[in-house]
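>>> okay, predicted coordinates and the sequence, questions at the end:
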Protein chains: 2
Amino acid sequence: MGAMDIRAVLRRCPLFSKLDDPEIAELGDISASKKYPKGAIIFSEGEEARGFFVVTSGRVKVYKLSAEGKEQILHIISPGETFAEAALFAGSTYPAFAESLVETRVLYFPKDRFLNLVRKNPQISLNMIASLSHWLRKFVALVEELSLKDVSARLSKYLLDLSARSGRSSARGIECELDISKSQLASQLGTISETLSRALRKLRERGIIEVEGKKITILQKEALEDISSGIPS
Amino acid sequence: MGAMDIRAVLRRCPLFSKLDDPEIAELGDISASKKYPKGAIIFSEGEEARGFFVVTSGRVKVYKLSAEGKEQILHIISPGETFAEAALFAGSTYPAFAESLVETRVLYFPKDRFLNLVRKNPQISLNMIASLSHWLRKFVALVEELSLKDVSARLSKYLLDLSARSGRSSARGIECELDISKSQLASQLGTISETLSRALRKLRERGIIEVEGKKITILQKEALEDISSGIPS
DNA sequence: CGCCACATTGAAGGCAGTCAAAGGTGGTGG
DNA sequence: CCACCACCTTTGACTGCCTTCAATGTGGCG
């Protein structure tokens, strides 16, 4: 990847917005491009946090594992997004695992050099605050869902978000494609594939959605909204 | 409360550490002291976030409510701690409820004036990044517990943390006092008081702890550690 | 074509929530 | 000082959601 490409990627990243050319160039200087094949462990929980990452292509899952091996996905990172920023500022180790779901390229920012940049550049600080605040909101929502909602409600919310993000409206409803496997979706919703399969079937049998492999058609958006907000059926 | 008291409080607050006198004075100028009786709603979920808070005395619970009224406590704020900082930087509304558990005094920082301060003061920015990063770590841990651990494990972890924070060692083990009611503890652990009561009894019957009202004596710390890390009994 | 990971379905069991009731505790006012 | 009341806590019986275990189905890819 050439220097110009790196700068173009950095410019699209919220963490580096509103920076002028020399600052972007400096970011390019301190970062290193890395490539991971599908299924590579980028870092492990408890490992010393030596830097953070920007995904430039591919996808990365950040997840926790229980003692028995059950997985909870915290977030799936897409191109343009950052991860592990917070690990640089609190504690000294990564609090979770990160693994590439497909072949993935990232920019890696070593901790020391990046912290110097943050310290001397107020705009990056402010961007970092915004980024952390968004993560915080996301995790508050995740806690709420895991603690206060059942699997059907979590699934409904996910489908609504997915359709808002990447849905196409058709004659029958809103069509969208799952961008991850159903096992991974289950893990993101805090459950397992069997339970997710049953939840999808229940929605299908009630005529609320249609499912064909990864393609989901939302037939009754309002019903999904009711279920997602915890209204009993 | 006099001006000097306010400054003394601010100095003890991590968010305002490393600031020099004029900056502390300015913080004092833009903040307002407020007093709430026990059980007062400080703000509600969805309400426009006009400012954030530092607790100077008392305690505040920040929590979510489900459609059926079940409560999940996100955090209990003690004197010297801040809350709702993130609401100023992401979204425009508070993402949860805040309620005083006892008579409580806070310093209130209006959003606009505080943001001006943050923008022109890099040290506050850095402190804010550290604060947000700690919150993030806390919520990652909460997600992990809710999703991957059972009630006994969460309770065991809570008791270990409590004993590390405020335990006194005695001949029989480590003694500590619950600083909140068992109902509130249940809500913090993502469960209900009945289930917590049964979990406490199970630990008591196995000879791992003793319970007398709010006083808990940990007899077998190692057993608690095993349970808290998810090792099946 | 056959393998392998993913997905679906059924049966069974367990953890935790709900409902109901009794016991305990602290605070208030008579 | 005591009686009352409100709230918290505990316990039992029951229900239900979700997980576990097991088996079968399916689709992509070498």
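Cool, got the structure.
>>> please name the residues that touch the nearest residue to residue A:60 once chain neighbours are set aside.
Leaving aside its sequence neighbours, residue A:60 sits nearest to residue A:77 (C-beta to C-beta, 6 or more residues apart in numbering or on different chains; 4.4 Å). To be clear about C-beta, it is placed using only N, CA and C from the backbone, and glycine gets the same treatment. Taking C-beta atoms under 8 Å, 6 or more residues apart in numbering or on different chains as the contact definition, residue A:77 lies against A:53, A:55, A:59-62, A:83.
>>> so which of those residues comes closest to DNA strand D?
residue A:59 (15.8 Å; C-beta to the nearest atom of the strand).
>>> what residues sit buried inside the lowest-mean-pLDDT helix or strand in chain A?
The weakest-scoring helix or strand in chain A, judged by mean pLDDT, DSSP states H and E, is helix A:3-11 (a mean of 78). For helix A:3-11, the neighbour count (16 or more other C-beta atoms under 10 Å in any protein chain shown) marks A:6, A:9-10 as buried.
>>> what's the answer for stretch A:153-165, then?
Applying 16+ other C-beta under 10 Å to stretch A:153-165 flags A:153-160, A:162-163 as buried.
>>> quick check: domain ranges of chain A?
A:3-147, A:149-228 (automatic domain parsing).
>>> list the contacts of the closest residue to residue A:203 other than its chain neighbours.
Leaving aside its sequence neighbours, residue A:203 sits nearest to residue A:209 (C-beta to C-beta, 6+ apart; 4.7 Å). Contacts of residue A:209 were listed using C-beta under 8 Å, 6+ apart, and they are A:159, A:200, A:203, A:216-220, A:224.
>>> let's go with 6 Å and repeat that
Going by C-beta atoms under 6 Å, 6 or more residues apart in numbering or on different chains, residue A:209 touches A:203, A:216, A:218.
>>> for the first one, pull up the helix or strand it's in.
In other words, residue A:203. Element membership for residue A:203 (DSSP states H and E) is helix A:193-205.
>>> contacts (any at all) between DNA strand D and the very next helix or strand once past that helix?
Later in the chain than helix A:193-205, the nearest helix or strand by DSSP H and E is strand A:209-212. No. Applying C-beta under 7 Å from any atom of the strand, one finds strand A:209-212 separated from DNA strand D by no less than 9.1 Å.
>>> returning to that earlier point: just the buried residues from the contacts of residue A:77, in ChimeraX please.
A single ChimeraX command selects the buried members of these (16+ other C-beta under 10 Å):
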select /A:53,55,59,60,61,62,83
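>>> JSON lines for the contacts of residue A:77, including distance to residue A:172 and secondary structure?
Shown next, in JSON lines, are those (distance: C-beta to C-beta, whole Å; DSSP: H, G, I helix; E, B strand; the rest coil):
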{"residue": "A:53", "distance to residue A:172": "40", "secondary structure": "strand"}
{"residue": "A:55", "distance to residue A:172": "34", "secondary structure": "strand"}
{"residue": "A:59", "distance to residue A:172": "29", "secondary structure": "coil"}
{"residue": "A:60", "distance to residue A:172": "34", "secondary structure": "strand"}
{"residue": "A:61", "distance to residue A:172": "32", "secondary structure": "strand"}
{"residue": "A:62", "distance to residue A:172": "35", "secondary structure": "strand"}
{"residue": "A:83", "distance to residue A:172": "37", "secondary structure": "strand"}
